[in-house]
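Q: with the input below, show me the fold.
(one chain, ligands or ions: 1)
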Amino acid sequence: MKHALAFAAAGEMELNKLDQIRAAEAKLLLSTYDRNPILFVGGQGVYIIDENGERYLDLLSGIGVNALGYSHPVIEEAIARQSRALIHTSNLFYHQGQAELALRLTERTGLDRVFFSNTGTEAWEGALKLARAHSGLLRSEGHDIGTKFLALEQSFHGRTFGSMSTTYKEKYREPFGPVVPGVEFVRFNDVADLRAKFSTEVCAILVEAIQGEGGVRPLTQEFFAEARALSSSTGALLIVDEIQAGMGRTGKWCAYQHYGIQPDVTTLAKPLAGGIPLGALLCTEEAARAIHAGMHGTTFGGGPLACAVAIAVIDHIERENLLAHATEVGDYFQAQLRSLATRHSAIVDVRGRGLMIAAELDSADLAKLAVAEMLKRRILINCTSETVLRFLPPYILERVNVDTAIAALDEIFTEHAGALIAPHAASHTTTHTAGGPNHG
Ligand SMILES: Cc1ncc(COP(=O)(O)O)c(C=O)c1O
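A: Predicted coordinates:
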């Protein structure tokens with residue numbers, strides 16, 4: 001009320017221009033995000049449109065969410081149809097969406113049962129609770145199994161307490177301590193470290209098949225297989241976080257399917273409902289034994305609107321063969337980045353699967369600058385783990401869009417790479433990073 005009156009008094013109640021909104025947000029919001037100074041008002045296909053009608057090629061898709069891009073008729077139709085029928089019921093009653101969506105998800109993940117949530121972190125919290133409950137059930141049946149979690153260095157699982165406590169980077173945990181106890185971190189892809197830290201004390205091993213925020217880093221086949229074997233040996237759960245890599249982004253429904261390894265539990269979110277918030281926790285029949293009515297829940301999770309949109313998105317991905325398309329365009333994107341790397345030594349690695357792609361640079365300053373320069377050219381990407389340019393475009397991306405991005409990067413590296421070789425040369429650059437280096 002206080003601020004609303006102050007704005008009213010100043011005759012500034014209109015909040016539809018960037019400057020007005022920035023000023024109001026600076027007073028009214030918790031300062032969790034350092035936003036780029038752009039006001040987006042619409043979108044079409046792979047382009048997002050600002051208040052001046054300028055189109056930006058979106059290679060980030062709302063941090064891996066807008067799988068079908070913007071204003072997709074399939075999503076618009078599902079929202080319109082379901083909003084006229086029923087938006088919310090709570091989980092105390094049945095509606096037509098959950099069973100139909102659960103059927104699609106269990107068929108595509110190889111898992112048996114689903115719990116729907118609203119966000120990624122909420123799905124992950126459910127997975128952690130399930131692991132603790134499952135280990136309790138096993139203990140009650142006479143098994144020797146503890147309550148400890150093994151997570152990986154560089155992992156990212158979300159911002160709520162359990163998720164944050166299983167997320168590696170100190171900056172996410174330290175201000176909020178003490179964190180949830182019973183979490184130990186294993187060196188990424190270090191089989192010996194995994195073996196050394198695994199014991200009957202462990203109730204679950206937690207991995208991302210391809211780490212997202214950690215820099216688009218895939219697990220090695222050997223490490224993943226060892227995590228599977230160790231957890232199976234004691235009844236501990238292998239839990240794979242597919243919130244960023246899952247639902248088709250890597251060219252398969254789940255990134256673990258590239259390895260031929262089946263987890264006990266997985267979590268999905270970001271692109272699941274094409275931009276409408278929805279998460280899902282999936283598990284085996286064995287793990288599901290640990291959960292009974294009243295143990296866990298959510299008011300909004302798996303509501304009719306989100307489920308209807310997710311069903312429409314999955315069916316569209318299938319109908320249009322978008323998994324194959326993501327693989328094909330993603331391979332092309334990586335090939336073009338590799339070719340760029342032969343001309344620009346600043347690119348030290350290109351990696352990823354499908355449309356989850358990274359170009360690692362030799363300098364954090366250059367990475368920051370590249371994101372800002374791409375933004376000037378109206379192309380959205382972001383930077384994660386300081387030096388990694390990350391591309392998470394919509395699945396409808398075409399080769400011609402890749403060519404636009406590669407030409408822009410070529411120009412930027414040609415203009416700026418030399419200038420940043422001397423470390424002091426870059427220390428005064430002020431840049432904006434789309435999404436920031438530290439957000440999901
Ligand atoms: C692998 C992974 N897990 C969990 C999360 C958290 O998801 P949300 O932001 O929807 O809570 C993210 C978000 O970036 C993620 O990339």
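
Q: show me the contacts for the closest residue to the ligand within the stretch 101-250 of the chain.
A: Nearest residue of the stretch 101-250 of the chain to the ligand: residue 120, at 2.3 Å (C-beta to the nearest ligand atom). Quick note: C-beta positions are derived from backbone N, CA and C, even for glycine. By C-beta atoms under 8 Å, 6 or more residues apart in numbering, the contact set of residue 120 is 157, 158, 243, 244, 267, 269, 270, 279, 440.

Q: can we see that at 10 Å?
A: 64-65, 156-160, 163, 241-244, 267-270, 272, 277-280, 440 (C-beta atoms under 10 Å, 6 or more residues apart in numbering).

Q: check residue 54 too.
A: Residue 54 makes contact with 38, 40, 47, 48, 378, according to C-beta under 10 Å, 6+ apart.

Q: for the third one, give the beta-bridge partners.
A: Following DSSP bridges, residue 47 is listed with bridge partners residue 44, residue 57.

Q: still on that earlier bit, how much space separates the residue of the stretch 101-250 of the chain closest to the ligand from residue 126?
A: Going from residue 120 to residue 126 by C-beta to C-beta, to the nearest Å gives 11 Å.

Q: cool, and residue 53?
A: 42 Å.

Q: who has more neighbours, the two?
A: Neighbour comparison, residue 53 and residue 126: the larger count goes to residue 126, with 25 against 8 (by other C-beta atoms under 10 Å).

Q: in what helix or strand does the more buried one lie?
A: helix 120-140 (DSSP states H and E).

Q: how about the residues of the stretch 151-300 of the chain near the ligand?
A: Residues of the stretch 151-300 of the chain lying near the ligand by C-beta under 6 Å from any ligand atom: 156, 157, 158, 208, 212, 213, 241, 243, 244, 269.

Q: phi first, then psi, for the closest residue to residue 69 other than its chain neighbours.
A: Once flanking residues are discounted, residue 69 sits nearest to residue 394: 4.0 Å by C-beta to C-beta, 6 or more residues apart in numbering. Recorded main-chain torsions at residue 394 are phi -60, psi 150, according to degrees, to the nearest 10.

Q: neighbours around residue 394, how many?
A: Residue 394: 29 neighbours (other C-beta under 10 Å).

Q: right, and it touches residue 71 too?
A: No: using C-beta atoms under 10 Å, residue 394 is not in contact with residue 71; the gap is 11.5 Å.

Q: what touches both of the two?
A: Common neighbours of residue 394 and residue 71 (C-beta under 10 Å, 6+ apart) are 43, 45, 47.

Q: let's see the pLDDT reported for the first one.
A: Turning to residue 43, the model gives it a pLDDT of 98.

Q: ok, back up a step: neighbour-wise, which of the contacts of residue 54 leads?
A: That'd be residue 48 among those, by other C-beta under 10 Å, with 24 neighbours.

Q: next one: that one from residue 66, what distance?
A: The value you get for residue 48 to residue 66, if C-beta to C-beta is used, is 8 Å.

Q: where do the contact lists of those two overlap?
A: With contacts taken as C-beta under 10 Å, 6+ apart, the residues that reach both residue 48 and residue 66 are 58, 60.

Q: now do the shared contacts for residue 120 and residue 126.
A: Joint contacts of residue 120 and residue 126 (C-beta under 10 Å, 6+ apart) are 267, 279, 280.

Q: for the first one, give me its contacts.
A: Remark: with contacts taken as C-beta under 10 Å, 6+ apart, residue 267 is in contact with 115, 117, 120-128, 157-158, 163, 206, 208, 239-243, 246, 279-283.

Q: now which of the residues you listed would you call buried?
A: 115, 117, 120-128, 157-158, 163, 206, 208, 239-243, 246, 279-283 (16 or more other C-beta atoms under 10 Å).

Q: which SSE is immediately downstream of the helix holding residue 126?
A: Using DSSP H and E, the first helix or strand after helix 120-140 is strand 148-152.

Q: that following strand pairs with which strands?
A: strand 183-186 (parallel), strand 202-207 (parallel).

Q: list the contacts of the first one.
A: I take that to be strand 183-186. Here strand 183-186 has contacts from 128, 148-155, 162, 165-168, 173, 192-198, 201-202, 205-207, 223, 227, using C-beta under 10 Å, 6+ apart.

Q: avg pLDDT for that strand?
A: Here strand 183-186 scores 98 as its mean pLDDT.

Q: what of the last one?
A: Strand 202-207 carries an average pLDDT of 99.

Q: wasn't residue 171 part of a strand?
A: No: using DSSP: H, G, I helix; E, B strand; the rest coil, the secondary structure at residue 171 is helix, not a strand.
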